[in-house]
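Asker: I'd like to go over a predicted model; first the sequence, then the structure.
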Protein chains: 2
Amino acid sequence: MRAVILAAGEGSRLRAFSKRPKPLIPLLGLPLIERNILALRECGINDFIIITGCYADEIQNYLGSGRQLGVNITYLHNSDWKLGNGVSASAFRKLYRENEKYILMMADHIFELELLKSVIEAAKKMEKKELLLASDPRLEKVYDIDECTKISATGNRAERLGKDLKDFNAVDCGLFVDTGLLQKALAESIEQKAYTLTDAVNLLAEQGKVKLHFVNHNWVDVDDPAGYKYCENLLLRSLIPPKDGFISRVINRKFSLRLTKLLSSTQLTPNQITVLSFLVAIVSAVSFAFSNPILGGILAQFSSILDGVDGEIARLKYLQSKYGEIFDSILDRYADYLIVIGMSYAWYLSSDNNLLVLLVSTATLTGLPMSMLFKEKYKTITGKPYLPEINDGKLRYLPANRDGRLFIIMLGGIFNLLPATLLILAAITHFQTIFRLKVVRQLL
Amino acid sequence: MRAVILAAGEGSRLRAFSKRPKPLIPLLGLPLIERNILALRECGINDFIIITGCYADEIQNYLGSGRQLGVNITYLHNSDWKLGNGVSASAFRKLYRENEKYILMMADHIFELELLKSVIEAAKKMEKKELLLASDPRLEKVYDIDECTKISATGNRAERLGKDLKDFNAVDCGLFVDTGLLQKALAESIEQKAYTLTDAVNLLAEQGKVKLHFVNHNWVDVDDPAGYKYCENLLLRSLIPPKDGFISRVINRKFSLRLTKLLSSTQLTPNQITVLSFLVAIVSAVSFAFSNPILGGILAQFSSILDGVDGEIARLKYLQSKYGEIFDSILDRYADYLIVIGMSYAWYLSSDNNLLVLLVSTATLTGLPMSMLFKEKYKTITGKPYLPEINDGKLRYLPANRDGRLFIIMLGGIFNLLPATLLILAAITHFQTIFRLKVVRQLL
């Protein structure tokens, strides 16, 4: 499936905010249009047609052939872009292939990835003689509804679209899958001197040919500075993985998302941030070892927060890699080991009862990788992830995962309670392992 | 698909060897017929029809409704079993359903599981109007070829079958998939007073309706004491997993297969053997700690051998479970930890340079789980197993996997070289991890 992106408009309301053409305004490290291309690439789309108008050269100079993004880009210029976006969409007609399904998207509408995926899923099932229109029925959640194109619908058929519709039950997200009908309607509507996309879509709606795909993920038309801010927050919130640990969700993400926002505009790669997090862990270990537990503790927690940032930046800027995941996972284990070794060493130096220190430290050290070991083994054997929220029962609040463990280490450092901290870590990690063996015995 | 098992004969040649009816003679812990039922269950077959004759009551009393084996068994009695096995096979006619495909198997022919799986795969693709016959073209590998039914074939069509055929290019494995043709041929052949299966198959072969499925796994007709021994070896050899570690393949399996043979006739479950292996590791750790490194080393290696037996018994007696795999994997980690702790403790007590001991011991301890961690993570992220034989290059001979590590520990114990052993273990495990990160960076 090919995607047609409309990037012809002037975007005057954002002009005061940034000197760059609207599709090229960077938002969390990626220009709007580049984010849309990468998001669609993530959904398996590799061929793009960009319709330019106002800033044709700037856009083409920036994106080039698309090779750097791993996609193919063809440009079509619409010199009559001022007439309306219908004229721009109609420029695709000369490249349209008989019976082709294609996506039509606005360069400045930003969607959560899941929304795009659901539209592409729906596109696979749609019939030939209809137009699919992504629309949002969650009116209370739509950003700046006054500026939206409203839809009056019966079931999932659009009856009428318009910005000033009084009676409506959804709004147009500006994302279509066309099977050729829209191109015909555009020609007809332009002939009648009606130049907007909505004019053409209304012609099809009258014939009952506009099928609505109701979305339940967020999106925003980045049209003014407020929309820009709203979009930033939307994207940052979408970075939190559904299966986040408790401490991570309640504490770490508050900081990591801010850091991600800050770092997104830099060239730092996720793997570089992984290394940074590891280095912070080393400094934490050394701080513990040299009797500075407060610094050690705070750095351990900071390393834990940074450990969230690498994944956030990767998802935000479409830089995920399988190697990155493995690299992060292995370095995390080493970071954990080093911090516990630093703590044990400090305790060892200050204690008379060396054997007790050794016993507790070893118990802690051996407990550290068990949570991950267990979950990975469960996944490779059963093919399904082990779900702590469901399978662990009340023990899901046990802070035995990495976010919880490093938080405990921070507290232990700040209150200078290294022996107790090591003992608690040993106890919860091994207890969790034995408990989970019991759980899977009943489960499998 | 249903399976029909012929268990009507007398099996006189094995009678002297065991007093039990031939299909009920236990071989490596399972009576022949039960092994066949469980193997087919493993291939997804749950409905069985057993044709009895000579020992009808004994067989029916032993297997019952099949519920204990997780299958359904229906019995058909053929009082004319002495006439020939064609008469027994023909007894199924009254239960045959129009257009049904079914498997026809001898109770006393034992097949490697992969052979059965390939026949069932082939059955899915076969045409309606033919009989599928598993046949072995690897004449030099066939056991006791004199007693086999030979096949003269052109391509994969059988032209003629017979025990005394002089010119033949394959032998009959005694395993069929019938689409109804065979039942008709049996009726015709019995009418002509030709009572063996081969008589009926020959009628079909004359019409070009017998399609051969050429096997490339082993099987044996357990017909006499020599065949029984041959079958034991065949099954034991088939227990070695293709991706075995080097030490495991060269040393451990030699012992573990003997132990498996010994233990197969007991009621010991795989999980009990896992626990036993863990207990041996504990005794090894204690032996090391109490300055008996030779015993410690030997027990570590013995624990490693036992660690192979649980899986062998599970595969041999169809007792595999997902819980068992996870349980084994977690207990292995603890066993490794304990043994290294025991060794470190002994060194610690005898050394003046406590810090060096601690450093090396911790490095060893933290290296132990890395090989597994890496492989499991790789599998969950890429969906494919990490293949050391291919991806590790020359480092595939590095004994960093469990079989290699425990072997090194045995040597270190026997020669009382604990410090060097710990140092080597630390070096190879961490080196392997860093090396593999480099490999996957290029791979992914």
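Answerer: Arrived safely.

Asker: find the nearest non-adjacent residue to whatever residue of the stretch 1-150 of chain A ends up closest to chain B, please.
Answerer: In the stretch 1-150 of chain A, the residue that lies nearest chain B is residue A:70 (15.5 Å; CB to the nearest CB). Bear in mind the C-beta positions are built from the backbone N, C-alpha and C, glycine included. For residue A:70, ignoring the flanking residues on the chain, the nearest one in space by CB to CB, 6 or more residues apart in numbering or on different chains is residue A:41 at 6.4 Å.

Asker: what's the helix or strand hosting that neighbour packed up against?
Answerer: For residue A:41, the element it lies in under DSSP states H and E is helix A:32-42. On a contact count with 3 or more CB pairs under 8 Å, 6 or more residues apart in numbering or on different chains; DSSP states H and E, helix A:32-42 meets strand A:2-7, strand A:47-52, helix A:56-63, strand A:102-106, strand A:109-111, helix A:113-125.

Asker: taking their axis directions, it and strand A:102-106 sit at what angle?
Answerer: Interaxial angle, helix A:32-42 versus strand A:102-106 (axes from the mean of the first three to the mean of the last three CA atoms, to 10 degrees): 150 degrees.

Asker: quick one on the thing from earlier: and the helices and strands packed on helix A:32-42 as JSON lines, adding mean pLDDT and mean neighbour count?
Answerer: As requested, the helices and strands packed on helix A:32-42 are exported to JSON lines (pLDDT from 0 to 100; neighbours: other CB atoms under 10 Å in any protein chain shown):
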{"stretch": "strand A:2-7", "mean pLDDT": "96", "mean neighbour count": "24"}
{"stretch": "strand A:47-52", "mean pLDDT": "97", "mean neighbour count": "22"}
{"stretch": "helix A:56-63", "mean pLDDT": "94", "mean neighbour count": "17"}
{"stretch": "strand A:102-106", "mean pLDDT": "96", "mean neighbour count": "24"}
{"stretch": "strand A:109-111", "mean pLDDT": "96", "mean neighbour count": "24"}
{"stretch": "helix A:113-125", "mean pLDDT": "94", "mean neighbour count": "16"}
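
Asker: the stretch 151-300 of chain A: strands as residue ranges?
Answerer: A:157-162, A:170-178, A:210-214, A:219-221 (DSSP state E, counting those that start in this stretch).

Asker: most packed of those strands?
Answerer: Of the strands of the stretch 151-300 of chain A, the one with the most neighbours on average (mean count of other CB atoms under 10 Å in any protein chain shown) is strand A:170-178, at a mean of 24.

Asker: tell me what that strand is packed against?
Answerer: Using 3+ CB pairs under 8 Å, 6+ apart: strand A:170-178 touches strand A:102-106, strand A:109-111, helix A:113-125, strand A:131-136, strand A:150-154, helix A:197-206, strand A:219-221.

Asker: and the angle from it to strand A:210-214?
Answerer: Interaxial angle of strand A:170-178 relative to strand A:210-214 (the same axes, to 10 degrees): 110 degrees.

Asker: which residue of chain A sits farthest from its center?
Answerer: Centroid-distance maximum for chain A: residue A:352 at 51.4 Å, with CA atoms, centre = their mean.

Asker: for that one, which three-state class applies?
Answerer: The three-state assignment at residue A:352 reads coil, by DSSP: H, G, I helix; E, B strand; the rest coil.

Asker: residue in chain A nearest to chain B?
Answerer: For chain A, CB to the nearest CB, closest residue to chain B: residue A:376, 3.7 Å.

Asker: ok, for that residue, nearest residue in space, not its chain neighbours?
Answerer: residue B:376 (3.7 Å).

Asker: wait, doesn't that neighbour sit right on residue A:377?
Answerer: Yes. Applying CB atoms under 8 Å as the test, residue B:376 and residue A:377 come out as touching, 5.7 Å apart.

Asker: redo the strands of the stretch 151-300 of chain A as CSV? Include mean pLDDT.
Answerer: Formatted as CSV, those follow (pLDDT from 0 to 100):
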stretch, mean pLDDT
strand A:157-162, 94
strand A:170-178, 96
strand A:210-214, 95
strand A:219-221, 95
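
Asker: with respect to residue B:433, which of those strands lies nearest?
Answerer: Nearest of the strands of the stretch 151-300 of chain A to residue B:433, taken as CB to CB: strand A:219-221 at 42.8 Å.

Asker: from the chain's centre, how far out does the closest one sit?
Answerer: Taking CA atoms, centre = their mean, to the nearest Å, one finds strand A:219-221 lying 15 Å from the centre of the chain it belongs to.

Asker: got phi/psi on residue A:73?
Answerer: Main-chain dihedrals, residue A:73, degrees, to the nearest 10: phi -120, psi 130.
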